[in-house]
Each structure stands twice: as structure tokens, then as C-alpha cells.
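Chemist: Turn this into a structure:
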Amino acid sequence: MLENFYLVCAVMGFFSLGAILGLFSRGKQQHVYLTYIPSIIGSFLAIILS
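Modeler: Below you'll find the predicted structure:
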């Protein structure tokens, strides 16, 4: 049961990381992918959790 809590924390962490990186990489085309990668990982973990 505790591993589900860790997965939820990881999902929230990856989505938060993607949002924070998105704020700092505005207008920079080469850094756009930095926001996609944590969001993709968070989505994948959310699918595993469900």
C-alpha cells in the first residue's frame, strides 16, 4: 500500500517539475522538450497507478 503513495508522490512531482521548467523556459525553443519529458513520465506513472 505504501508503494502506491510513493507513485502518487512521483506523479505529482513530475507534473510539478514540468510546470516549473515550463515557467523558466518560456520562449526558448530548444528547452521546450524539458517540459514534455517530465509530463510524459508523470502520465506513464499515472497510467501504471490506475
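
Chemist: Please give me every residue in contact with Gly18.
Modeler: Taking C-beta atoms under 8 Å, 6 or more residues apart in numbering, we find Gly18 in contact with Thr35, Tyr36, Ile37, Pro38, Ser39, Gly42. The way it works is simple: take the backbone N, C-alpha and C, and place the C-beta from them, glycine included.

Chemist: contacting residues for the spatially most central residue of the chain?
Modeler: When C-alpha atoms, centre = their mean is applied to the chain, the residue found nearest the centroid is Phe14 (2.6 Å). By C-beta under 8 Å, 6+ apart, Phe14 lies in contact with Pro38, Ser39, Ile41, Gly42, Leu45.

Chemist: Now secondary structure and neighbour count too, for those, in a markdown table please.
Modeler: Formatted as a markdown table, the contacts of Phe14 follow (DSSP: H, G, I helix; E, B strand; the rest coil; neighbours: other C-beta atoms under 10 Å):
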| residue | secondary structure | neighbour count |
| --- | --- | --- |
| Pro38 | helix | 19 |
| Ser39 | helix | 16 |
| Ile41 | helix | 17 |
| Gly42 | helix | 19 |
| Leu45 | helix | 20 |
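
Chemist: mind putting the residues you listed in a markdown table, pLDDT included?
Modeler: Converted to a markdown table, these look like this (pLDDT from 0 to 100):
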| residue | pLDDT |
| --- | --- |
| Pro38 | 87 |
| Ser39 | 87 |
| Ile41 | 88 |
| Gly42 | 88 |
| Leu45 | 83 |
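
Chemist: Can I get those residues in CSV including distance to Tyr6?
Modeler: Below are the contacts of Phe14 laid out as CSV (distance: C-beta to C-beta, whole Å):
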residue, distance to Tyr6
Pro38, 17
Ser39, 19
Ile41, 14
Gly42, 14
Leu45, 10
